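K.L.:
here is a sequence with its predicted model. Questions after.
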Amino acid sequence: MLPLIVFQIQELLLEDDTNPFGNWFQRLDPVSGVRVQVALARIEQGNLASIKWFEGIGEIKIHWGPGLRIYVAKMEMHIILLLGAGTKGTQDKDIKQALHRWQQFKKRKSGKGNQTWH
C-alpha cells in the first residue's frame, strides 16, 4: 500500500488582513459552496490530479454553474495556499491576481518571516 500524503489547506491573508478566497466563498450559493468543499477535501486527502499547474500556481476547475475556479500555490512540503477564486468569465483577471498575490506573498514571507496565511 502506498503511503497517504495529506495536505493542509491554508487561506492567504493580504497585508490589509483581507482574505480573497474567504470573501469569494462567502458569496457562493449553498450548492456551489458544497462543490468547492468537496474539491478542497480531495486535495487535503492528497488528490492533486485536478490541479493544472503553471507559472508557480495551480488552477482547480469545478465544472458547475459558471465554471468555478480556485487558484492555489504549494508551500513547503504539504501546505496548499488558497490565493483566490472566481469563474470562467473572470478567469484571465483572476489568474493575474493570483500570480500577483503569490509573488507578493513570497516577498513578504522572505522579508518578515511573519505568518500570512491561516
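P.N.:
Received it, and whenever you're ready, just let me know what you need.
K.L.:
and the most centrally placed residue in the chain, what's its pLDDT?
P.N.:
With the centre of the chain defined as its mean C-alpha position, the nearest residue by Cα atoms, centre = their mean is residue 82, 2.5 Å away. Each residue has a pLDDT score; the one for residue 82 is 97.
K.L.:
residues contacting it?
P.N.:
Applying Cβ atoms under 8 Å, 6 or more residues apart in numbering, one finds that residue 82 lies in contact with 9-12, 21, 70-72. Glycine gets a C-beta too; all of them are placed from N, C-alpha and C.
K.L.:
next: residue 73.
P.N.:
56-58, 80-81, 83, 102, 105.
K.L.:
next one: residue 78
P.N.:
Shown in contact with residue 78 (Cβ under 8 Å, 6+ apart): 5-8.
K.L.:
ok, so what distance separates it from residue 30?
P.N.:
Plainly put, residue 78 is 30 Å away from residue 30 if you go by Cβ to Cβ, to the nearest Å.
K.L.:
regarding this protein, what is its longest helix?
P.N.:
Residue-count comparison of every helix in the chain, with assignments taken from DSSP state H, identifies helix 91-112 as the longest.
K.L.:
which parts of it are buried?
P.N.:
Judged by neighbour count using 16 or more other Cβ atoms under 10 Å, the buried positions of helix 91-112 are 94-95, 97-99, 101-102, 105.
K.L.:
next one: stretch 75-94
P.N.:
Neighbour-count burial for stretch 75-94, with 16+ other Cβ under 10 Å as criterion, is recorded at 75, 80-86, 94.
K.L.:
how long is that stretch from one end to the other?
P.N.:
Start and end residues of stretch 75-94 are separated by 20 Å (Cα to Cα, to the nearest Å).
K.L.:
before we move on, the earlier item: possible to save the buried residues of helix 91-112 as a markdown table with distance to residue 25 and pLDDT?
P.N.:
Formatted as a markdown table, the buried residues of helix 91-112 follow (distance: Cβ to Cβ, whole Å; pLDDT from 0 to 100):
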| residue | distance to residue 25 | pLDDT |
| --- | --- | --- |
| 94 | 14 | 97 |
| 95 | 18 | 98 |
| 97 | 15 | 97 |
| 98 | 15 | 97 |
| 99 | 20 | 97 |
| 101 | 16 | 96 |
| 102 | 19 | 96 |
| 105 | 19 | 93 |
